[in-house]
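Participant: Dropping the sequence and predicted coords here.
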Amino acid sequence: DQQVKQNSPSLSVQEGRISILNCDYTNSMFDYFLWYKKYPAEGPTFLISISSIKDKNEDGRFTVFLNKSAKHLSLHIVPSQPGDSAVYFCAASAWGTSYDKVIFGPGTSLSVIP
Amino acid sequence: GAVVSQHPSRVICKSGTSVKIECRSLDFQATTMFWYRQFPKKSLMLMATSNEGSKATYEQGVEKDKFLINHASLTLSTLTVTSAHPEDSSFYICSARDWQGGFREKLFFGSGTQLSVL
């Protein structure tokens, strides 16, 4: 049972445009969400996170939006750059529960075309 | 940010041998470390949660006797793949939780270990 879903396995965007990566979750106990970026044969790198008490968090070119009622979050990258090409993982956790660990989605491979 | 060192980065071994992978938090103390496994073009699958000084908590479907985890100190966790077989070939990644700075779940990841069992 996949609790964190990323339904788009891949995404291509022109350089300078906006990249929007989507993520859905099923477990209503999740209260903290993270996005990680990963290059092949490397460990993931933390990008940005959001607590369930917020609906938006921004850090430079990266913004994460959270819609709790829809159990949906998205990562916006503006403007997209070729160096952003990587696999992006959405992750979630639930504090103080049996899910007090980070559960990853399947990832979305982003290609930013120069 | 915090640094997690993982060694070796790549290992090739014969079927039936055991392989040990080390994960160290270099500039912080990690009471909790996590071990993940990634198959090609697949997500990161959590294998187990390693707590310093206590037994690891394994996820459903992960064989405890196959994947031995030891977290003897606040900076070191090891994963030993015992009697490795070709189906154990995978990319193994460790991560450590750093509580400083208020980042509750800001996991820092090692660079991963590519295991190939012949």
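Facilitator: Sure, I can see it.
Participant: Write out the residues of chain B neighbouring chain A.
Facilitator: B:1, B:4, B:6, B:34, B:36, B:42-46, B:49, B:91, B:93, B:95, B:103-112, B:114 (Cβ under 8 Å from any Cβ of the partner chain). All C-beta atoms are positioned from the backbone trio N, CA, C, and that covers glycine.
Participant: run the last query once more with 6 Å
Facilitator: Counting by Cβ under 6 Å from any Cβ of the partner chain, chain B comes close to chain A at B:43-44, B:49, B:93, B:105-107, B:109-112.
Participant: Narrow these to those in strands?
Facilitator: B:44, B:49, B:93, B:107, B:109 (DSSP state E).
Participant: Return the member of these nearest to residue B:58.
Facilitator: Closest to residue B:58 out of those is residue B:49 (8.2 Å), distances taken as Cβ to Cβ.
Participant: what is that closest one paired to in the beta sheet?
Facilitator: residue B:34, residue B:57 (DSSP bridges).
Participant: So what touches the helix or strand bottoming out on mean pLDDT in chain B?
Facilitator: Ranking every helix and strand in chain B by mean pLDDT, DSSP states H and E puts strand B:107-109 at the bottom, with a mean of 83. Contact partners of strand B:107-109, identified using Cβ atoms under 6 Å, 6 or more residues apart in numbering or on different chains, comprise A:43-44, A:102, B:2, B:4, B:93, B:95-98.
Participant: Residue B:60: neighbouring residues, count only.
Facilitator: Residues contacting residue B:60 under the criterion other Cβ atoms under 10 Å in any protein chain shown number 4.
Participant: And what about it, helix, strand or coil?
Facilitator: coil (DSSP: H, G, I helix; E, B strand; the rest coil).
Participant: And the pLDDT for residue A:1?
Facilitator: Residue A:1 carries a pLDDT score of 65 in this model.
Participant: same deal with residue B:46?
Facilitator: 90.
Participant: In this structure it contacts residue B:59, no?
Facilitator: Yes. Proximity of residue B:46 to residue B:59 meets the contact threshold set by Cβ atoms under 6 Å, at 5.4 Å.
Participant: quick one: which of these two has more around it?
Facilitator: Just comparing residue B:46 and residue B:59: by other Cβ under 10 Å the higher neighbour count belongs to residue B:46, 18 against 15.
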